[in-house]
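**Student:** Okay, structure incoming, though there's no sequence with it:
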């Protein structure tokens, strides 16, 4: 994906009542509200980079309804690509061929029905993209408590062992993690 360069301008398409504190965009960039960014910095969390102000040039609704009353100031951030790696042996991932690249660990992924990180690979980031799941964000327990404590909106956090991605509906792998 190409990197988003200034000027940072967006058009928002709202699906709900109000704009949230966290928005995913195309590519690797995320939008966070100023309230989120301030709390993230004050609490010393790690894993987001950038914090560039974004101009909202237009707001539309997916469905008819009143104009949103309060659009927060957004900042563009990027989650770091961490060194934490998916533990292929302990995860419930269906591959159409075994991964051969130790770095990416994701070639041939058909479905995910829970995953674990390889012990010793996580370096303490609070939000990151792990090796083996570059398209997904993983957060620390500290980050989950941070979201709950502040009541940030538009975020759904799923425990790693309950995470499911199965676009072809192939189901979980035949063998359980750690068995032959």
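**Tutor:** Arrived safely, thanks for sending. The structure displayed is predicted, hence computed values, not measured ones. Numbering: from 1, shown residues only.

**Student:** who's residue 31 bridged to?
**Tutor:** Using DSSP bridges, the bridge partners assigned to residue 31 are residue 23, residue 76.

**Student:** Now do the same contact list for it.
**Tutor:** The contact partners of residue 31, by CB atoms under 8 Å, 6 or more residues apart in numbering, come to 10, 22-25, 54, 74-77. For the C-beta atoms, the positions are set from N, CA and C on the backbone; glycine is no exception.

**Student:** same deal with residue 4?
**Tutor:** Counted by CB under 8 Å, 6+ apart, residue 4 has contacts 25, 27, 29, 76.

**Student:** Check which residues of the longest strand seen in the chain are buried.
**Tutor:** Using DSSP state E, we find that the single longest strand of the chain is strand 48-61. Neighbour-count burial for strand 48-61, counted by 16 or more other CB atoms under 10 Å, picks out 48, 52, 54, 56.

**Student:** Leaving out sequence neighbours, find the closest residue to the spatially most central residue of the chain.
**Tutor:** Most central in the chain under CA atoms, centre = their mean is residue 137, positioned 2.9 Å from the mean C-alpha point. Counting by CB to CB, 6 or more residues apart in numbering, residue 79 is the residue found nearest to residue 137 once chain neighbours are left out, at 5.5 Å.

**Student:** For residue 14, grab phi and psi.
**Tutor:** In terms of degrees, to the nearest 10, the main-chain angles of residue 14 are phi -80, psi 130.

**Student:** mind listing what it touches?
**Tutor:** 59-62, 68.

**Student:** repeat for residue 16
**Tutor:** Counting by CB under 8 Å, 6+ apart, the residues that residue 16 touches are residue 154.
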